[in-house]
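Colleague: how would this look folded up:
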Amino acid sequence: MARNNADGRNKPLYMISVAAELTGMHPQTLRVYEQKGLVNPGRSRGNTRLYSQADIDRLNLISKLTDEGINLAGVVRIIDMRERELELQDEVEQLREKVRKMEDELREYRVQERITSLTRYESANPEQVMRKLLGGGTSGE
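Modeller: Okay, here's the model as predicted:
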């Protein structure tokens, strides 16, 4: 996900023993969660599991949900919905930024349109009129 990649949270750093200690889980539990697809740790060149901070956060969420009595199938569903929500939030923010840019372009276009409609000009080129109005052109253009 973009937001996790941006701040380095997906960088594999922690060996399984450290991840187990950080999450309060047994290393075998972490292996089971990996088998079930709940977490996907990176691997070193020697094939050692390496967990990122995002993995640790995910494992802590899994622990919290299972402590509340939610089974692993429910946990998978909740995590999937949560990740989809984050993706949609990112998409909404990207769309908002596009709308802002388009509004700015439209505003600029309308200003140019008003200026050119108020100015008499001989050529049919609004760019030349704008240059004249802004002092960038000469009357001989």
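Colleague: So for the one helix or strand Leu65 maps to, what gets flagged as buried?
Modeller: Using DSSP states H and E, Leu65 falls within helix 53-67. The neighbour-count check on helix 53-67 (16 or more other CB atoms under 10 Å) flags Gln53, Ala54, Asp55, Ile56, Arg58, Leu59, Leu61, Ile62, Ser63, Leu65, Thr66 as buried. Every residue, glycine included, has its C-beta placed from N, CA and C.
Colleague: Make CSV out of those residues and add pLDDT.
Modeller: CSV is the format used below for the buried residues of helix 53-67 (pLDDT from 0 to 100):
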residue, pLDDT
Gln53, 96
Ala54, 94
Asp55, 95
Ile56, 96
Arg58, 95
Leu59, 96
Leu61, 95
Ile62, 96
Ser63, 95
Leu65, 95
Thr66, 94
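Colleague: Leu95: which of the residues you listed is nearest?
Modeller: Distance to Leu95 across the buried residues of helix 53-67 (CB to CB) is lowest for Ala54, with 24.7 Å.
Colleague: thought that closest one was touching Asn10?
Modeller: Yes. Using CB atoms under 8 Å, Ala54 makes contact with Asn10 at a distance of 5.1 Å.
Colleague: Now Thr23: closest residue in space that isn't a chain neighbour?
Modeller: Computed as CB to CB, 6 or more residues apart in numbering, the closest residue to Thr23 that is not its neighbour in sequence is Leu59, at 4.4 Å.
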